[in-house]
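1. Pasting a predicted model and its sequence here:
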Amino acid sequence: MPSLLPTPANSESIPSLGRSAAEELARTLRAVADPTRLQLLSVILDSADGRATVTQLTEALGLRQPTVTHHVRILVDDGLLTREPEGKYVWLSVALDRRPAIEDLLR
Amino acid sequence: MSPHPPHRIGRPLDLEAAQRRAAQAAVLGDTLALRVLSVLAAGVPAVNLAAALHVPQAQVTSALHSLESVGIVHPASDGTLILTAEAWVRFGRLLVNGDPALPEPQAEPAVTALPVAIAAVARDLSYRFSSTFSTETVSRYVAESYLLLSHRAQVRTHLAALTARYAADRLDALASASGLSLRGTPEVLFVCVQNAGRSQIAAAYLRHLAGGAVHVRTAGSEPAMAVHPRVREVLAEVGIPLSDDFPKPLTDEVIQAADYVVTMGCGDACPVYPGRRYMDWELEDPLTLDDAGLRTVRDRIRAHVENLLAEMGIVNQPASR
C-alpha cells in the first residue's frame, strides 16, 4: 500500500517528470495538439471495436482523404495509432498503452 | 474504393471541445511548461518552482501564464496557482505514468484503508454504477483514482470531490469501452409516497416493456415495510411480474443517478437537481381504492409508461427474462 501522506516538497524527492520523460511526453502532446487529430482519435475510440479506416474517418469528419491521411501519418509516427491490415482494409486503432491517456484528454 | 463491411462509426468530439483540448495540449507540448505542471502537481508551491527546476524565474512565470491561459492552472483562494480539476482529469494520469519512480496503485487497494470521505465516494458510485459494475470494481477504481490524485494534490480539501469526478469519468469510459455504455441506457426513477403501490406498478411495467433498454429504480418519501399484496395480485392479473423491489427511502444518490425522475403524489418531497428530466404523474393512491379503482390506476400507469417509452425513443420490447 503506497503511503497516502502528501509527498514532502523538497527538491531531492519531488516525484516529478524527469527531463527526458518530459521531452518524450511533450512530443506526444504536440502530436495531439490539433483539433482535427483529436477529432480523429475521438471517432476511432467511439467506433465499433475501437477501430476505423481512413475512408470511414473521411466520411465521419467531412474532410478530404489527403487531409485525413496526413494527420493519421503523424499519429502513427508518434505511436498513438496502430495500423492493422485486414484483407483489403487497413484498420486504425489507438495504441493500447496510449489509450487511457487519450481517453483522459478527450474528457 | 470498395464498400465497407457493416461497422458502426463513432461520433467526433465537437469542434469547440477539440479546440480547447488542442490548445491545452499545445501549451503542454512545451517541455518546460510540462515540467512546471508536473512539479506543481507534486506539491511544490508556485514560488519555489524556479529553484526546484533550476531555471530562470522569468521562464517559469511565462510558462505559468501559458498554463493559466488555457485553464490548466488557476489561482487558489490564497492566490497561489494550483491545478484545475479539468487538468487533473485530463493530464493527471500522464503526469503520474510519466514517472517510473511512483509506485503503481495496488491491484486491489483496501477501501477500508481509505479516508472516510473517499469511502463514501466509493459507496455512492457503487450505487450509481450498480447496474453495470460490481461494488468491488467500483471500489477499486475509486481507490486507484484517489491514490493517483492524492500523490499529487496540493489542496487536499477538494480531493474527495475530485476523486468522485475522476472515478466516475473512468467508470463511464470503462462502461463504454466494454459496450455497457451508461449513456446509452437511460435510468428512470419512480417515486411515490410509500414505494409500495404506484411506483412499484410503474417499475414493473417499464421493466416489462423496455427489457434491458432502461435501468429502473424506485423509492418512496415515506417507504412502507413491504410491497402491498394487492399490487402483486393486480399485476399478476395482466401477466406482469413484480420485481424483487422493496420499499426504499428516497435519497440523494438515487436522484442523482437518474436521467428521468417520475413523481407520483410526492413531488414536493423530491429535490430537483439540474440535468434530469422531471415528470409528475397525477395518480390517486390505488391502495385507498377498491379493486376496480386499483385496476383503473394500474392501466393509467401503463399508458403513462408507454408514453414515457415513446418519449425516450425506445421501442417496446418485452423482457425475455
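-> Done, it's in.

2. which non-adjacent residue is nearest the residue of chain B positioned farthest from its centre?
-> Distance from the C-alpha centroid of chain B, by CA atoms, centre = their mean, peaks at B:Pro56 (43.5 Å). Spatially, and ignoring its direct neighbours in sequence, B:Pro56 is nearest to B:Ala50 (6.7 Å; CB to CB, 6 or more residues apart in numbering or on different chains). The way it works is simple: take the backbone N, C-alpha and C, and place the C-beta from them, glycine included.

3. so the one you found touches B:Ser62, yeah?
-> No: the criterion here is CB atoms under 8 Å, and B:Ala50 misses it with B:Ser62 at 11.3 Å.

4. Wondering if stretch A:73-80 reaches chain B at all.
-> No: counting by CB under 8 Å from any CB of the partner chain, chain B is not contacted by stretch A:73-80; separation bottoms out at 11.5 Å.

5. distance between stretch B:9-27 and the chain's centre?
-> Centroid separation for stretch B:9-27 versus its chain: 22 Å, with CA atoms, centre = their mean, to the nearest Å.

6. Only alpha carbons, please: show stretch B:240-259 as PDB.
-> Provided in PDB are the C-alpha atoms of stretch B:240-259 (Å, rounded to 0.1, in the frame of the first residue of the first chain):
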ATOM      1  CA  ILE B 240     -46.700  -8.600 -15.300                       C
ATOM      2  CA  PRO B 241     -44.200  -9.900 -12.800                       C
ATOM      3  CA  LEU B 242     -43.500  -7.800  -9.800                       C
ATOM      4  CA  SER B 243     -39.700  -7.400  -9.500                       C
ATOM      5  CA  ASP B 244     -38.000  -8.000  -6.200                       C
ATOM      6  CA  ASP B 245     -38.000  -4.400  -5.400                       C
ATOM      7  CA  PHE B 246     -38.700  -3.500  -1.700                       C
ATOM      8  CA  PRO B 247     -39.800  -0.100  -0.400                       C
ATOM      9  CA  LYS B 248     -36.800   2.200  -0.100                       C
ATOM     10  CA  PRO B 249     -36.300   5.700   1.200                       C
ATOM     11  CA  LEU B 250     -35.700   8.500  -1.300                       C
ATOM     12  CA  THR B 251     -32.000   9.500  -1.100                       C
ATOM     13  CA  ASP B 252     -29.900  12.000  -3.000                       C
ATOM     14  CA  GLU B 253     -27.800   9.400  -4.800                       C
ATOM     15  CA  VAL B 254     -30.800   7.700  -6.400                       C
ATOM     16  CA  ILE B 255     -32.000  11.000  -7.800                       C
ATOM     17  CA  GLN B 256     -28.500  11.900  -9.000                       C
ATOM     18  CA  ALA B 257     -28.200   8.600 -10.700                       C
ATOM     19  CA  ALA B 258     -31.400   9.100 -12.700                       C
ATOM     20  CA  ASP B 259     -31.900  10.600 -16.100                       C
END
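
7. Pull out the buried residues from it.
-> Residues B:240, B:242, B:245, B:247, B:250, B:254-255, B:257-259 are the ones in stretch B:240-259 that count as buried (16 or more other CB atoms under 10 Å in any protein chain shown).

8. Can you tell me the element the residue nearest to B:Pro56 falls in?
-> Applying DSSP states H and E as the criterion places B:Ala50 in helix B:49-53.
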